Structure formats: C-alpha cells, structure tokens
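In: Here is a sequence together with a model predicted from it:
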Amino acid sequence: MRHSQCLLSPAQALLQVLSQTQRVTINGQLSYYAACVVKQRTTVQIRHAFTMPKDSNHNEKKSTLDQFPDVTRDYAIMARYVRIRQPDGGLSPPKSLHSTISRLRRGAEYLVQISKVDEDGMAICRIMTIADLLKQKKDKERAQQEQKKSLKQSVPKQIELNWAIGPNDLEHKMIQMKRFIKDGKKVEVVLASKKRQRQATPEEGQEVLRKVREKLVEADGIEIKGMQGGEVGKHTVLTMRKKGFV
C-alpha cells in the first residue's frame, strides 16, 4: 500500500496546524458568547412573562379595605354556614359560606360577619359595599364621640366653698357655677369648714346657702338631688343642673 507523499515543508505544516487551532479557539469563543446571549435573552423573557402588571384599582381597593381592621369578612369568617341579614331585618335561609361568597360581585361586594359563630357553625352576616363600610365606620365614630361627650357631661363639676368664705371669693365661685350650669353641666357645690381657720356662724352659713340658691335660679338651674348634710360647719353637697338637662 502506497502512502501519499507529503508535499508540505515542515514550516508550512506547522503554519497550517496553528491556523486550524486559532479557528477552533475563535469558533469556541463565539459559541460561548452566543450561548451567553441566548441565555440572557431567555432569562429576560421568562422574567417578563412571570411579572404581573400592577393593577392600580386592586391596590386602591386593598388600601381602602385596610381602613377596616376590625371587620371580619369573606373567607376570614370562621363559619361553615351563614344567614344574610336582609334590609327589612329578616334573615335568609342558611347557606354555605363558599356558595354565598361565590355569588358576590367580586371587588364590589363583601360578606361581613355581624354575629358570633354559634355552636352549629352558623354566623349572621351582611352583604356590604365599600360605601356601606365607610358609613358604618363614621356612624360608629360618631356614636363613640357622643358617648364620650355624654360621659363627660355626666361627671359633675365640683365647686368647693368654705362656710366662712368672703363675699368677693363667693361671688367669683358663683360666676363659675353659673357658667357650668348654663353649659348644661352637672354641678356639685361642696361646703365644708377648713381646719385652723375661722368657723362660720350659723347666720353666715345660712347666708352662703341662700346666695348659692339665688344664683342657681339666675342660671335657670334646679337642684336634682336632695341636699346632703345642711348643717352649718358640716360637709354639705348640693347637686344641680340646668332645667331640661335632668
């Protein structure tokens, strides 16, 4: 068998080997670069594919619902069955929690729990909108303010008098008493003797009582409780208020 004769010189053969090696290296580098580009593009495409667009309406509703942390609604209700409170005050037949929620207008209506879950796993609920929830919250806040105001007015204002009080000091106290009564506040006038001070005579004490009742009439007020005590020099309390506020 004949072997083909090499027609290349040693120098030419070496040059050919080096050229082939360089091509392989360049092609390898290009292939690696191309693979990196493809991988990067694929990663970006996947990231965009799984990135959900922001729903401004959804975020706005979620922010609004955050105003009602004390409201138990929808699937936070720990009941198997619910009955719906009707506008006329009646109750609907029992239905499962899931079926009731599935019938709501999504994003517009919410199932709100208004009673505790009973031993049968039943709760009374009401279907409400955001507007209903806001109104309920405002009504509750208004009721709390009225309760605080009523409680504040029910706590009597106290005016302390010494049986032996001087005319000027008594006049100042009576101006204060009349202002409280005209504002509709309950007032307690407390008369007592102070230790280590001059004790009032019976006549002086009776004059103080007369003056208090005189100013009470001027303020259009009345005594709403019987006088406690009454003996000059002893602890005595007169409780009064404006007419019509009793």
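Out: Arrived safely, thanks for sending.

In: which regions of this structure sit below the pLDDT cut-off?
Out: 1-63, 246 (pLDDT under 70).

In: domains in it, as residue ranges please.
Out: Each domain of the chain is listed here as a residue range: 10-51, 57-133, 156-242, per automatic domain parsing.

In: Quote the end-to-end distance of the longest one.
Out: End-to-end distance for domain 156-242, by C-alpha to C-alpha, to the nearest Å: 12 Å.

In: Show me how far it is from its chain's centre.
Out: Centroid separation for domain 156-242 versus its chain: 43 Å, with C-alpha atoms, centre = their mean, to the nearest Å.

In: which residues touch Y75?
Out: By C-beta atoms under 8 Å, 6 or more residues apart in numbering, the contact list for Y75 reads L97, I101. Yep, even glycine has a C-beta here, placed from its N, CA and C like the rest.

In: Secondary structure class of it, three-state.
Out: helix (DSSP: H, G, I helix; E, B strand; the rest coil).

In: Tell me how far it lies from A108.
Out: 17 Å (C-beta to C-beta, to the nearest Å).

In: Strands along this structure, start to end?
Out: Using DSSP state E, the strands of the chain run over residues 81-84, 95-96, 110-113, 122-128, 157-162, 187-192, 221-223, 236-242.

In: possible to save those as a markdown table with mean neighbour count and distance to L170?
Out: Formatted as a markdown table, these follow (neighbours: other C-beta atoms under 10 Å; distance: least, C-beta to C-beta, whole Å):
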| stretch | mean neighbour count | distance to L170 |
| --- | --- | --- |
| strand 81-84 | 20 | 65 |
| strand 95-96 | 13 | 72 |
| strand 110-113 | 21 | 59 |
| strand 122-128 | 19 | 59 |
| strand 157-162 | 16 | 7 |
| strand 187-192 | 20 | 11 |
| strand 221-223 | 18 | 17 |
| strand 236-242 | 20 | 14 |
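
In: picking that back up, with respect to burial, which of the domains of the chain scores highest?
Out: Counting by mean count of other C-beta atoms under 10 Å, domain 156-242 has the highest mean neighbour count of the domains of the chain, with a mean of 16.

In: re earlier: could you export the domains of the chain as JSON lines, including distance to E141?
Out: Putting the domains of the chain into JSON lines (distance: least, C-beta to C-beta, whole Å) gives the following:
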{"stretch": "domain 10-51", "distance to E141": "40"}
{"stretch": "domain 57-133", "distance to E141": "11"}
{"stretch": "domain 156-242", "distance to E141": "23"}
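
In: So which of those domains is nearest Q144?
Out: domain 57-133 (12.6 Å; C-beta to C-beta).

In: For the residue lying closest to G205 once chain neighbours are set aside, list the residues it contacts.
Out: Nearest non-adjacent residue to G205, counting by C-beta to C-beta, 6 or more residues apart in numbering: V232, 3.0 Å away. V232 makes contacts with W163, A200, T201, P202, E204, G205, Q206, as judged by C-beta under 8 Å, 6+ apart.
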